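[1] Just need the structure, nothing else, for what follows:
(one chain, ligands or ions: 2)
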Amino acid sequence: MNRYTVVTMPGDGVGKVVLPEALRVLDAVGFDAEYVHAEIGWDEWIQHGNPLPQRTIDLLAEHKLGLFGAITSKPKREADAELRPELRGKGLVYYSPIVTMRQRFDLDVCIRPCRSFPGNPLNFVRRDRNGGIDEPKVDTVIFRQNTEGLYAGVEWTDPPDQVVAALATHPRFKAFASTPKKDLAISTRIFTRRACRRIVEAAFAYAEQHGYRSVTVCEKPNVLRETSGMMEQVAREVQKAHPTIQLWSTNIDAQMMWLTKNPEDYGVIVAGNMFGDIVSDAFAGLVGGLGFACSANIGDEVAVFEPTHGSAPKYETLQPSIVNPIAMILSAAMMLDHIGDSSRANRIRRAIAQVVAAGEVRTYDMMRIPGGPQSIAQGAASTSEMTDAILAALASGAVHA
Ligand code: IPM
Ligand code: MG
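    Numbers count the residues shown, from 1 in each chain. Ligands and ions are numbered 1, 2, ... in the order given. Sure thing, here's the model as predicted:
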């Protein structure tokens with residue numbers, strides 16, 4: 001096997017806690033890599049006015065593989081107030097470094113698997129026909145377009161005259177024409193056919209490879225005729241090359257309603273950036289939420305793997321740490337999938353499945369108790385105890401392929 005160099009970007013808060021846990025698991029399965037630490041996040045913003053430093057960009061460009069923990073984002077005013085005094089008032093604008101990274105490297109294919117682990121007390125349950133409890137097996141993989149749409153950052157408050165003039169060429173802008181510019185806020189939703197095609201093709205290829213029977217486009221073409229309409233049209237074209245996979249279409253709002261009705265029906269879901277963000281959190285909530293939500297951001301050159309939870313700063317310094325490392329560890333397993341080492345990735349997932357099913361080691365979220373210094377005394381496993389349990393399952397041999 002080639003020796004890989006992986007750029008590790010723990011970022012802020014609990015990112016610093018969970019990323020090292022994932023490295024322990026990668027070591028345990030014999031993944032032979034070198035790790036280079038790279039800075040990202042709030043400290044970089046405060047110190048240098050740039051949360052995604054050039055060195056981090058250079059390292060990613062060089063090594064192509066990244067593991068990312070989490071970052072803290074704050075609203076504009078707070079972000080400015082926390083800057084080093086010398087940097088304040090210079091017009092520096094905080095922009096989420098993970099969003100910037102996705103765009104900088106065109107990591108346009110975001111994969112977010114939401115699969116329930118049997119025995120997870122956080123799995124979604126519903127009442128069955130006879131009044132009993134029914135726990136559907138959720139196995140849905142969200143493909144989120146990761147660089148365009150409402151995240152493109154093309155937006156204004158008090159837009160320039162040229163923008164207003166251009167918008168005024170659209171008959172429907174009449175409704176806003178008399179609003180003073182300073183009272184106008186505009187965020188654009190830009191889709192390109194190329195990006196629609198890439199995300200839809202990735203979704204169909206995945207469905208075919210992993211035996212899913214359907215790909216669902218989750219958009220809103222009845223209202224967003226141009227952007228959602230383009231995604232749907234592209235999906236219809238791409239489907240022709242995959243005759244064994246059915247193409248379904250849902251509206252994002254209805255999909256949220258069906259979420260708790262029949263989640264087991266959905267295999268692969270493909271969506272634009274914002275709806276993909278929403279629908280991936282929604283499905284993650286059915287399979288354990290933030291502690292289990294893993295993701296991959298994949299481009300032609302570079303790929304970065306991250307749990308989708310935030311940085312939960314209040315838990316960063318809690319000793320021992322109580323956050324659930326599973327989302328980060330599952331993200332590391334996705335990195336192994338990406339480099340073609342699914343055998344090690346599957347061993348990791350089986351070890352996690354075994355620990356979850358055994359039910360002896362559970363982090364506070366899995367116990368449904370509030371997180372805090374008292375959680376351990378209430379029986380919750382610490383972060384490292386959860387990793388230890390996964391390592392023990394790996395060592396037990398039960399999860400060897
Ligand atoms: C995610 C997060 C990010 C996003 C935030 C932190 C900018 O919600 O990865 O889903 O909106 O993409
Ligand atoms: Mg999100």
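[2] Assign a three-state SS to the residue lying farthest from the centre of the chain, would you?
    Farthest-out residue of the chain from its mean C-alpha position, per C-alpha atoms, centre = their mean: Ser178, at 40.1 Å. Under DSSP: H, G, I helix; E, B strand; the rest coil, the three-state class of Ser178 is coil.
[3] how about it, what does it touch?
    By C-beta atoms under 8 Å, 6 or more residues apart in numbering, no residues touch Ser178. Glycine gets a C-beta too; all of them are placed from N, C-alpha and C.
[4] Look up how far Trp156 lies from it.
    Counting by C-beta to C-beta, to the nearest Å, the separation of Ser178 from Trp156 is 18 Å.
[5] Check Met256 too.
    Counting by C-beta to C-beta - Met256 and Trp156 are separated by 29 Å.
[6] can you check Val138 too?
    40 Å.
[7] what do you get for Arg236?
    For Arg236 relative to Trp156 (C-beta to C-beta), the value is 34 Å.
[8] Now the helix or strand containing Asp58: average pLDDT?
    Assigned by DSSP states H and E, Asp58 falls within helix 54-63. For helix 54-63, mean pLDDT is 98.
[9] Which strands and helices lie in contact with it?
    strand 4-11, helix 97-104 (3 or more C-beta pairs under 8 Å, 6 or more residues apart in numbering; DSSP states H and E).
[10] The same query, at a cut-off of 7 Å, please.
    In terms of contacts (3 or more C-beta pairs under 7 Å, 6 or more residues apart in numbering; DSSP states H and E), helix 54-63 is packed against strand 4-11.
[11] Which other helices and strands does the strand it packs on contact?
    helix 15-28, strand 33-37, helix 54-63, strand 65-70.
[12] need the ones you listed in a markdown table with mean neighbour count and distance to ligand 1, can you?
    Converted to a markdown table, those look like this (neighbours: other C-beta atoms under 10 Å; distance: least, C-beta to the nearest ligand atom, whole Å):
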| stretch | mean neighbour count | distance to ligand 1 |
| --- | --- | --- |
| helix 15-28 | 22 | 11 |
| strand 33-37 | 15 | 21 |
| helix 54-63 | 16 | 17 |
| strand 65-70 | 26 | 8 |
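[13] does Leu59 really touch His37, like I thought?
    No - using C-beta atoms under 7 Å, Leu59 makes no contact with His37, being 9.0 Å away.
[14] from memory Cys306 sits against Ile71, does it?
    Cys isn't right for residue 306; it's Glu. No - using C-beta under 7 Å as the test, Glu306 is too far from Ile71 to be in contact (9.5 Å).
[15] Now do the same contact list for the closest residue to Leu247 other than its chain neighbours.
    Leaving aside its chain neighbours, Leu247 sits nearest to Gln239 (4.2 Å; criterion: C-beta to C-beta, 6 or more residues apart in numbering). Residues in contact with Gln239 (C-beta atoms under 7 Å, 6 or more residues apart in numbering) are Phe204, Ile245, Leu247.
[16] just those now: which is nearest ligand 1?
    Lowest distance from ligand 1 to these (C-beta to the nearest ligand atom) belongs to Phe204, with 22.6 Å.
[17] Now that closest one. Nearest residue, chain neighbours left out?
    His242 is the one closest to Phe204 (C-beta to C-beta, 6+ apart), at 4.6 Å.
[18] Can you give me the neighbour number for that neighbour?
    16 (other C-beta atoms under 10 Å).
[19] Identify each buried residue in the least confident helix or strand in the chain by mean pLDDT, please.
    When each helix and strand of the chain is scored by mean pLDDT, DSSP states H and E, helix 76-82 comes last, with a mean of 89. Neighbour counts over helix 76-82 (16 or more other C-beta atoms under 10 Å) mark Ala79, Asp80 as buried.
[20] I figured the residue nearest to Phe204 hits Glu208, correct?
    Yes - if you go by C-beta under 7 Å, His242 and Glu208 touch, sitting 5.8 Å apart.
[21] all strands of the stretch 101-250 of the chain, in order?
    Remark: strands assigned in the stretch 101-250 of the chain by DSSP state E, counting those that start in this stretch are 109-115, 126-127, 133-134, 139-145, 155-157, 185-187, 214-219, 246-251.
[22] which residues touch the last one?
    The contact list for strand 246-251, computed with C-beta under 7 Å, 6+ apart, reads Arg213, Ser214, Val215, Thr216, Val217, Cys218, Lys220, Asn222, Glu232, Ala235, Arg236, Gln239.
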